[in-house]
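*Asks:* Provided below for reference: sequence and predicted model.
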Amino acid sequence: MDNISTHLPVISIDTRGQEIPHGSVLSVPWLEEDEYTIPYARIRPAQSETEEADEESDFETSEEPEKILVSIAFYNGKSNGAQVNPFLREPTIDTDALISYRGRSSLQFPKKGISIKLMKSSNEEDPREVFGMRQHNEWVLNGPYLDKTLIRNYLMYNICGEVMAYAPNVRFCELFVNNEYLGLYLLIEKITMSDYGRVPITRTRTGERTTSYILELMERQPPEGRSIPQNYSHYAYFMASTQEFEVRSPAYKNITPEQLEYIQNDLSRFEKVIYSYDYDDPDSGYSSLIDVNNFVDYAILNMFCANTDAGNLSTFVYKDPKGKFSLCVWDYNNVFDNFFRRHSYGSESLSFLRQNAQDVNNAFDEYPTDDRANNEFFLSDRLWFDRLMRDEDFTRLLVYRYRNLRGGVLGEEYLLNYIDDTIAYLGPAIERNYSVWATSFLTENDLLIPATRNLHSFDDAVAQLKSEIIHNGDWFDANIESIYQFSHESAVKQLNP
């Protein structure tokens, strides 16, 4: 700590001799380690002899991990870019916090994300304004590991913030835990309501049945009392059997059974409309219940960057009792072709693997790599969007809005300059980060399939990100109007008897 000089904000955590706890690691139902050896499994924590795998279900449970009470200090950065030792001055904030590791598949990585809840004591919250972001006590530290550029989340959260009414604010920072330097992290606003900002919904008054709420669509089973197991799309099989909505707000400790019932009924009312024959009615159809512009922007932003979790995992929806359903963006670590498996393979690749693959990388190398026509518009078969994109008014808005954004924040020059400016801002912090995490570039730590997608230097990673942005932009420019195929009369005649 004595040798650090940085212009970035710094967070220092003292765990008081405790180990940071974490939840369960994402289960991968299709992976059979006795048959296939893939890099994805190499850093999975080993099971103890007393642990047994759950063979009953493909769900990953989302029981809240145990949290530990720690000391945490925040040091503001230098806006003039001066490199200084932050520990030679008093911290901006010095308080306690409840923390745990967080994430799903990212829990497998040696550089882990951390959930932070600022506390005055073990049972009293301590909301603070942190690094210029709105006052709150709940924060997320994202540690970019799979993303070798370090900036995908930063880039997309900021781009989304320029487009949508709300996107989580973010700040780069450097992290120390127990005086050990752990590299570059991104501090992110957790998706929640607040009297000071964040998700734009009103706080529920005590005792009321109707309530504002935030839901997360996930592929794991929420704890009892937080799940919405009987919404219409679930029991009518429009959702995958492994998916459920979890109530993220109101908080578990505050929500009442009556409010949970209200949320389930309110969600089902919307879903019964969107999956009805009258879904496109201008007065009583989906447009009377959702913020259409919000859904359009969400679709464009996520399809453009190939965030294939959208509408499937890490998908947040919020609603005020007097408002309409809206979506909130989350998690862009895997975008622009940075996911474990190239997204354009689709689900067929898993069958291909099960039946044929002894050498996983060779198998994927032999599979088509540019089947874009059926995959770039992947939201067309995701929950709710599978009906929205059958409406010509909605697809017309998608095309119009894409052209508009392409002339601005989704423009090639704008995005490439944003990347260059971000890298220049981070400066020597990039080299410091990789003084700790240089092993992520080693071939034995490759995580992407096929193996040729793995990048072994920071410069190559940035070049790949820029190339993918150019490629995606060129493809959407040439093909955006083919999105009308989903709302063409021949595609929707069965919906309009």
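*Replies:* Arrived safely. The structure displayed is predicted, hence computed values, not measured ones.
*Asks:* pLDDT below threshold where in the stretch 1-150 of the chain?
*Replies:* 1-2, 23-65 (pLDDT under 70).
*Asks:* go with 90
*Replies:* 1-4, 22-66, 78-82, 102-109, 121-123 (pLDDT under 90).
*Asks:* can you give me the strands in it?
*Replies:* Counting by DSSP state E, counting those that start in this stretch, one finds strands in the stretch 1-150 of the chain at the ranges 10-14, 60-61, 68-75, 93-102, 113-121, 124-125, 128-130, 133-136, 138-142.
*Asks:* mind putting those in TSV, distance to residue 423 and mean neighbour count included?
*Replies:* Every residue, glycine included, has its C-beta placed from N, CA and C. Putting these into TSV (distance: least, Cβ to Cβ, whole Å; neighbours: other Cβ atoms under 10 Å) gives the following:
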stretch	distance to residue 423	mean neighbour count
strand 10-14	20	21
strand 60-61	35	17
strand 68-75	23	19
strand 93-102	26	19
strand 113-121	22	19
strand 124-125	36	12
strand 128-130	24	17
strand 133-136	22	17
strand 138-142	18	22
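*Asks:* reformat those strands as CSV; add distance to residue 472.
*Replies:* Below are the strands of the stretch 1-150 of the chain laid out as CSV (distance: least, Cβ to Cβ, whole Å):
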stretch, distance to residue 472
strand 10-14, 33
strand 60-61, 30
strand 68-75, 36
strand 93-102, 29
strand 113-121, 26
strand 124-125, 41
strand 128-130, 33
strand 133-136, 29
strand 138-142, 23
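*Asks:* residue 206: which of those strands is closest?
*Replies:* strand 124-125 (16.7 Å; Cβ to Cβ).
*Asks:* quick one: contacts of the closest one?
*Replies:* Strand 124-125 has contacts (Cβ atoms under 8 Å, 6 or more residues apart in numbering) with 117-119, 137.
*Asks:* neighbouring strands - and their directions - for it?
*Replies:* Sheet pairing of strand 124-125 (DSSP bridges) gives strand 113-121 (antiparallel).
*Asks:* wait, residue 326 sits on residue 294?
*Replies:* Yes. With contact defined as Cβ atoms under 8 Å, residue 326 counts as touching residue 294 (4.5 Å).
*Asks:* shared neighbours, those two?
*Replies:* Joint contacts of residue 326 and residue 294 (Cβ under 8 Å, 6+ apart) are residue 165.
*Asks:* looking at those two, which one has more neighbours?
*Replies:* Between residue 326 and residue 294, counting by other Cβ atoms under 10 Å, residue 326 is the more crowded of the two (22 against 19).
*Asks:* residues contacting the nearest residue to residue 318 once chain neighbours are set aside?
*Replies:* Nearest non-adjacent residue to residue 318, counting by Cβ to Cβ, 6 or more residues apart in numbering: residue 214, 4.5 Å away. Shown in contact with residue 214 (Cβ under 8 Å, 6+ apart): 191-193, 199, 201, 247-249, 316-318, 328.
*Asks:* for residue 302, same thing?
*Replies:* 310-311, 329, 379.
*Asks:* tell me, how many residues neighbour residue 197?
*Replies:* 14.
*Asks:* sorry, wrong one. I was asking about residue 162.
*Replies:* Burial of residue 162 is recorded as 12 neighbouring residues (other Cβ under 10 Å).
*Asks:* how about residues contacting the helix or strand containing it?
*Replies:* Secondary structure from DSSP states H and E places residue 162 in helix 152-163. The contact list for helix 152-163 (Cβ under 8 Å, 6+ apart) reads 142, 144, 147, 167-170, 172, 186, 188, 297, 301, 305, 307, 329, 331-336, 338, 405, 409-410, 415, 418-419, 422, 465.
*Asks:* one more time with 7 Å
*Replies:* Helix 152-163 is touched from outside by 142, 144, 167-168, 170, 172, 186, 297, 301, 305, 329, 332-333, 335-336, 338, 405, 409, 418-419, 422, with contacts defined as Cβ atoms under 7 Å, 6 or more residues apart in numbering.
*Asks:* with stretch 3-19 instead?
*Replies:* Stretch 3-19 is contacted from outside by 68, 70-78, 81-86, 99, 131, 171-178, 181, 429, using Cβ under 7 Å, 6+ apart.
*Asks:* try stretch 324-336
*Replies:* Taking Cβ under 7 Å, 6+ apart as the rule, stretch 324-336 contacts 144, 146-147, 152-153, 156-157, 160, 164, 166-167, 191, 199, 270, 289-291, 294-295, 298, 301, 305-307, 309, 314, 316-319, 465, 468-469.
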